[in-house]
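Visitor: The sequence isn't on hand, but the structure is:
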């Protein structure tokens, strides 16, 4: 019985010794970015017929308003004694203001999705209440 156990241990240990440390290793990382290239395509080769990602000004205005009003609500600025009567009123007012800055001739090519993501992160992380970060201004958000 002991000799069978010893054989099993020797086989297991010898199997570990045959690991090839010089073999290439693949590492996968997540960047949180958006890719326009399908799997298996080298991004450096480019995809000439793939359209760029564009966020419409109205959509961006809605996203900013939602995040900003959530932040304002946490600050106590939404409700009976706050700056905004209700969450819905806050969203409507902030969306209207942002829509004017991000649509039409102001951002004719749409909104840069990466700049929008940075703006939304800045709204979530800002310590001050009642302010919109500079990264959320139309020149910062427009695609060029």
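Guide: That came in fine, so what should we check first? Worth saying up front: this structure is predicted, and the values here are computed from it rather than measured.
Visitor: Look up how far residue 91 lies from residue 106.
Guide: In this structure, residue 106 and residue 91 are separated by 21 Å, where distance is defined by C-beta to C-beta, to the nearest Å. For the C-beta atoms, the positions are set from N, CA and C on the backbone; glycine is no exception.
Visitor: Quick check: next helix or strand after the helix of greatest length in the chain?
Guide: Ordering each helix of the chain by length in residues (DSSP state H) puts helix 57-75 first. If you walk from helix 57-75 toward the C-terminus, the next helix or strand you reach (DSSP states H and E) is helix 87-102.
Visitor: what helices or strands is that next one leaning on?
Guide: Helices and strands in packing contact with helix 87-102 are listed as helix 57-75, helix 138-141; criterion 3 or more C-beta pairs under 8 Å, 6 or more residues apart in numbering; DSSP states H and E.
Visitor: helices and strands of this structure: which one has the lowest mean pLDDT?
Guide: The helix or strand with the lowest mean pLDDT-type score in the chain, counting by mean pLDDT, DSSP states H and E, is helix 2-17 (a mean of 45).
Visitor: mean confidence score for stretch 113-127?
Guide: The predicted model assigns stretch 113-127 a mean pLDDT of 91.
Visitor: any residues touching that stretch, and which ones?
Guide: Stretch 113-127 is contacted from outside by 33-34, 53-55, 60, 63-64, 67-68, 71, 132-133, 135-136, 140-142, using C-beta atoms under 8 Å, 6 or more residues apart in numbering.
Visitor: can you do 6 Å?
Guide: If you take C-beta atoms under 6 Å, 6 or more residues apart in numbering as the criterion, stretch 113-127 is touched by 53, 55, 60, 67-68, 71, 133, 135-136, 140-141.
Visitor: do stretch 96-111 as well
Guide: When contacts are taken as C-beta under 6 Å, 6+ apart, the neighbours of stretch 96-111 outside the stretch itself are 54-58, 60-61, 64, 138, 141-143.
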